[in-house]
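Novice: Any chance you could fold what I've pasted below:
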Amino acid sequence: MTYPPNVRTAPDHVPAQPPVPASVPASVPAPQGGAWSEPAARLRAAATTEPGRLQIIGAVLAALVVAFGAVTAIEVSDRAAATDDVVSRSQPLSAEAANIYRSLADADTAAASGFLAGAQEPRDVRERYEKDIKDASRLLVKAASTTDAASPSGQEIATLNQELPRYTGLVERARANNRQGLPLGGAYLRYANQKMSKELLPAAERLYTAETGRLDQDYDSARAWPFFSLGLGVVALGALFWAQRRNYRRTNRVFNHGLLAATAASTVLVLWLAVGHTVARTELQDADVHGQQSLDVLNQARINSLKARANELLTVVARGAVLTADGRNDKYETDYTTGMKALGDELGTAGKLADDSQGSGPVANAISGVSEWQTRHRTARKTDDNGDYEDALKQIIGAKDSTGESFNRVDDALEQALAHEQGEFTRAAKDGRGALGGLPVGAAALAALAAVAAIIGVNRRLSEYR
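Specialist: You can find the predicted model right below:
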């Protein structure tokens, strides 16, 4: 067989080759790490050189002082807000709840006093009753505007708003019957007192308890130590001292101005935080012990004096028609005795809590007034038991040398003591709030200054390697 020239044939013994695919994918090595593998590798590489280590140190120092400043600003802002709530929200609401109770109890006392005066109710007694009802209504509207209707306080306010018109309606019926000389008036007055003592006053007391509980929560929040901020501050200072010591051991230079400035700024912030919060806690503690605790005791004493006065008057109105559960004693006289005992105990506690003459003086006057009141009450009861009702009535509601005069003396003294203790509370609480003033902004500013100074100090060392 003849072949064309220059054509080469494969030897017969060479086997045929398999077809070659159109494309063969290149082999790809399996990944050795996650998304952070490359940054971690760079960080390890940087840590093997002194400039790299300095950059890491600078970043960590800056992050620590910035975190310290941020956490301090947040924690102090929370405590400042709680302190502001104590001063401007929870304590005023607690005081208003106490005033609601006082207004209602005083209205009940004025209603009984006016009833005993006869068909022609004294104008000043009538005006006192109307003022008490208006004050209670106004305070309830104000409290409702700042309270969640679904909360326990909101429910008590709703109860008071619902029952107060019913109480005033019973009082008006008692007056109308009394003007006509009908004995039914006394029954209506007793029904009104039962509604006051069993429904209105317990609801007002629960409202006061709820608002005082909220005040205690704000106290706890305001006085809580900022442990996280203080801990971060100590860590940041420790890191700054370590960095300066490292710098000294490697360069034999005593000071690095940037790191020294960062340390100074952080130290100022730690001291400001510790001292400012200590002062705030001290002032708030003073506001609680010498202000709020005294107010609690004095409010309860004033309430018990009003309830005792109402029971004293109702003893004369009922004239033995209402007895205790065992049927042996006059209920109103028994309640009067119990209330006066509690009043004496509370005034003794208030005298111990008073820390100056302006606070103890009115309490001493109230104690003297209570003693005089009890003496005159015993005389009036003896006169009434002997059958001289008219003379006994004068000894109770008369303008001179009566138990009513002694009650007014006690009430005036308690009002003066309450005003003084309220001023003491407000002063101390505002001082506590002032001790935290400017600290959140100052913390942010000092932290920023410390971070910049730390970076400048580290960069100063880095420049020596360029």
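Novice: tally of neighbours for Thr49?
Specialist: Residues contacting Thr49 under the criterion other CB atoms under 10 Å number 11. All C-beta atoms are positioned from the backbone trio N, CA, C, and that covers glycine.
Novice: Give me the residue at the spatial middle of the protein.
Specialist: Asp218 (2.5 Å; CA atoms, centre = their mean).
Novice: Now it: which helix or strand?
Specialist: Secondary-structure element containing Asp218, defined by DSSP states H and E: helix 201-223.
Novice: Give the next helix or strand downstream of that helix.
Specialist: helix 227-251.
Novice: Give the rounded mean pLDDT of that following helix.
Specialist: Averaging pLDDT along helix 227-251 yields 89.
Novice: Would you mark the buried spots in the helix or strand that it is followed by?
Specialist: With elements assigned by DSSP H and E, the helix or strand that comes after helix 227-251 is helix 257-287. Residues of helix 257-287 classed as buried by neighbour count (16 or more other CB atoms under 10 Å): 258-259, 261-263, 265-267, 269-270, 272-273, 276-277, 280-281, 283-284, 286-287.
Novice: Which residues does the host helix or strand of Thr337 contact?
Specialist: Using DSSP H and E, Thr337 maps to helix 331-353. The contact list for helix 331-353 (CB atoms under 8 Å, 6 or more residues apart in numbering) reads 289-290, 293-294, 297-298, 300-301, 304-305, 307-308, 311-312, 314-315, 318, 322-324, 359-360, 363-364, 366-367, 370, 373-374, 377, 381, 417.
Novice: Weed out the non-buried ones from those residues.
Specialist: 290, 293-294, 297-298, 300-301, 304-305, 307-308, 311-312, 314-315, 318, 322, 359-360, 363, 366-367, 370, 373-374, 377, 381, 417.
Novice: and Thr315, how far is that from Glu333?
Specialist: Plainly put, Thr315 is 5 Å away from Glu333 if you go by CB to CB, to the nearest Å.
Novice: State the mean pLDDT of the helix ranked longest in the chain.
Specialist: As assigned by DSSP state H, the longest helix anywhere in the chain is helix 50-85. Helix 50-85 carries an average pLDDT of 89.
Novice: Now do that helix: which elements does it pack against?
Specialist: helix 37-46, helix 201-223, helix 227-251, helix 257-287, helix 403-435, helix 439-462 (3 or more CB pairs under 8 Å, 6 or more residues apart in numbering; DSSP states H and E).
Novice: Got phi/psi on Leu323?
Specialist: Leu323 has phi and psi values of phi -110, psi 160 when expressed as degrees, to the nearest 10.
Novice: In contact with it: list those residues for me.
Specialist: Asn329, Asp330, Lys331.
Novice: what about 6 Å?
Specialist: Lys331 (CB atoms under 6 Å, 6 or more residues apart in numbering).
Novice: Would you mind measuring from it to Asp288?
Specialist: For Leu323, the distance to Asp288 - CB to CB - is 43 Å.
Novice: Lys195 too?
Specialist: Taking CB to CB, one finds Lys195 at 35 Å from Asp288.
Novice: Comparing the two, which residue is more hemmed in?
Specialist: More neighbours surround Asp288 than the other of Lys195 and Asp288, with 22 against 19 (other CB under 10 Å).
Novice: out of everything not next to it in sequence, what's closest to that one?
Specialist: Tyr219 (6.1 Å; CB to CB, 6 or more residues apart in numbering).
Novice: Same question for Ala143.
Specialist: Ala143 sits nearest to Ile157 (CB to CB, 6+ apart), 5.5 Å away.
Novice: number of nearby residues for that neighbour?
Specialist: Ile157: 25 neighbours (other CB under 10 Å).
Novice: Ala354 touches Ala364, doesn't it?
Specialist: No: if you go by CB atoms under 6 Å, Ala354 and Ala364 don't touch, sitting 9.0 Å apart.
Novice: Return the residues in contact with the nearest residue to Leu284 once chain neighbours are set aside.
Specialist: Nearest residue to Leu284, sequence neighbours excluded (CB to CB, 6+ apart): Gly432, at 4.3 Å. Contact analysis of Gly432 by CB under 6 Å, 6+ apart lists Thr83, Ala280, Glu283, Leu284.
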